[in-house]
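[1] with the sequence up front, the predicted model follows.
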Amino acid sequence: MNAEVIGTWAGQVWNALNESGKLTVKGLKKATKLKEKELYAALGWLAREGKVSMYEVDADIEVVLL
């Protein structure tokens with residue numbers, strides 16, 4: 001895995017969030033078809049760029065597009 005691939009995954013996550021505004025990690029996995037490791041790499045990328053915020057909600061994590 002390299003930065004280009006992670007950036008592509010981040011784009012998929014951003015697009016899914018752009019359509020809905022916020023999703024749980026479970027919802028993002030379903031929407032993007034990414035594996036858990038791929039999803040967390042993408043979320044790290046987007047968080048580092050200041051594009052998402054994450055909150056623990058019940059037994060899941062909610063991701064919000066900023």
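    Now that the structure is in, tell me what you want to look at.

[2] V52 reaches W45, doesn't it?
    No - using Cβ atoms under 8 Å, V52 is not in contact with W45; the gap is 9.3 Å. Where C-beta positions appear, they are placed from N, C-alpha and C, glycine not excepted.

[3] what are the ranges of the strands in this protein?
    Applying DSSP state E to the chain gives strands spanning 22-24, 52-57, 60-65.

[4] pull up the pairing partners for the shortest one, direction included.
    The strands beside strand 22-24 in its sheet (DSSP bridges) come out as strand 60-65 (antiparallel).

[5] and the contacts of the strand it pairs with?
    With contact meaning Cβ atoms under 8 Å, 6 or more residues apart in numbering, strand 60-65 is reached by 13-14, 17-18, 21-26, 28, 43, 51-56.

[6] list the buried residues of it.
    For strand 60-65, the neighbour count (16 or more other Cβ atoms under 10 Å) marks 61-63, 65 as buried.

[7] next: stretch 1-19.
    Under 16+ other Cβ under 10 Å, the buried positions of stretch 1-19 are 9-10, 12-14, 16-17.

[8] returning to what we had before: closest to N2 among the buried residues of strand 60-65?
    Set against N2, the nearest of those by Cβ to Cβ is V63 (23.2 Å).
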